[in-house]
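S.K.: Can you look at this prediction? I've put the sequence above it.
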Amino acid sequence: MSMQLPPLSAVRVFEAAARHQSFTRAAAELGMTQAAVSYQIKVLEDRLGAPLFLRRPRQVSLTEVGKRLAPAVTEAFELIGEAFAAARSGAQGTLAITTVATFATNWLAQHLGSFQVAHPSLAVRLDLSHQFVDFAREEIDVAIRSGDGNWPGLATHMLMRMEFTPMLSPALAESIGGVKEPADLLRLPIIGPDDPWWAQWLTEAGVSPAGLEGRPQNRMGSQTVEGGAAIAGQGVAILTPAFFQAELATGRLIQPFDLICSDGKAYWLAYPEARRNAPKIAAFRTWLLAEIKAGAQV
């Protein structure tokens, strides 16, 4: 059987009036008129069938019924306040990020430590997914996705363009005496020859992409895996330079040509426009954009 509660708005008015022992001060606290406070109290008294306040000229005081009810009502509102404070603290204490595996593995995981040092009280939860998130249904704060950034209802910030160029291991390059011109790449195993990036890059390099035809379709689904295969000497991969800075710096991969292409898409930070000023989202946005900018200047 459901509880027959009186209107909570009237109970809230009673709690304030009982605490202040004044309809006037209760009205000021709640942003109401004194007449509205009197009306809400009358609603409760009619529901109870007993007066809650003794009304005297320019003064009110609790009746015996009111004195018995007031402590319980005050305690109930304190418990509700504490529950909401705890929920708010928990929500503000965790930043939930959904991102694609390539960005998470090849960039975010390598930089996220500095964010957590700057915000030690904010935990981070990563969700790896290629599906776009429904912010209204899922407990996600921000998303990092690839595309054109045109997503209605979302605030978006471009992080980096989806650029690409061939990379391979030094040993694989030496196996044919070195890669001296773009056409030399077609003398080697190609990782993901059906990837549209390959056809675009070869065309812009002045090489017919027809040399990709008839090759094993060994596409591996992510730059993380394809980069690993390239490091192992399994073939030439077409990769985003920003994701493989460490591998290029240490010589595990080489980028034989300066030509870097883009398909017009980019990686974007996205979140609901209405949550733009949420402290944890603002903190992550400020850090991420600054970190991306610093990396681009290196």
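M.R.: Perfect, thanks for sending it. Numbers count the residues shown, from 1 in each chain.

S.K.: Would you map the strands across the stretch 151-298 of the chain?
M.R.: All strands of the stretch 151-298 of the chain, identified by DSSP state E, counting those that start in this stretch, fall at 154-167, 237-239, 261-272.

S.K.: now Thr63: how far from Ile176?
M.R.: 98 Å (Cβ to Cβ, to the nearest Å). No exception for glycine: its C-beta is placed from N, CA and C like everyone else's.

S.K.: For the two, indicate the residue with more neighbours.
M.R.: Neighbours per residue (other Cβ atoms under 10 Å) separate Thr63 from Ile176, with Thr63 holding more: 15 against 12.

S.K.: Which residue comes closest to that one once chain neighbours are left out?
M.R.: Leaving out its chain neighbours, the residue that sits closest to Thr63 by Cβ to Cβ, 6 or more residues apart in numbering is Pro51, at 5.2 Å.

S.K.: Can you name the residues that contact that neighbour?
M.R.: Pro51 makes contact with 45, 63, 65-66 under the criterion Cβ atoms under 8 Å, 6 or more residues apart in numbering.

S.K.: Assumed it was part of a helix.
M.R.: No. The assignment for Pro51, made by DSSP: H, G, I helix; E, B strand; the rest coil, is coil rather than a helix.

S.K.: just to revisit the earlier point, list buried residues within the contacts of Pro51.
M.R.: By neighbour count, with 16 or more other Cβ atoms under 10 Å, these hold 45, 66 as buried.

S.K.: got the buried residues for stretch 165-179?
M.R.: Of the residues in stretch 165-179, those buried (16+ other Cβ under 10 Å) are 165-169, 172-173, 179.

S.K.: same deal with stretch 120-129?
M.R.: Here stretch 120-129 shows 122, 124, 126 as buried, counting by 16+ other Cβ under 10 Å.

S.K.: ok, what's across the strand from the second one?
M.R.: The bridge-partner assignment for Val124, based on DSSP bridges, gives Leu95.

S.K.: Which pLDDT value belongs to it?
M.R.: You'll see Val124 listed with a pLDDT of 93.
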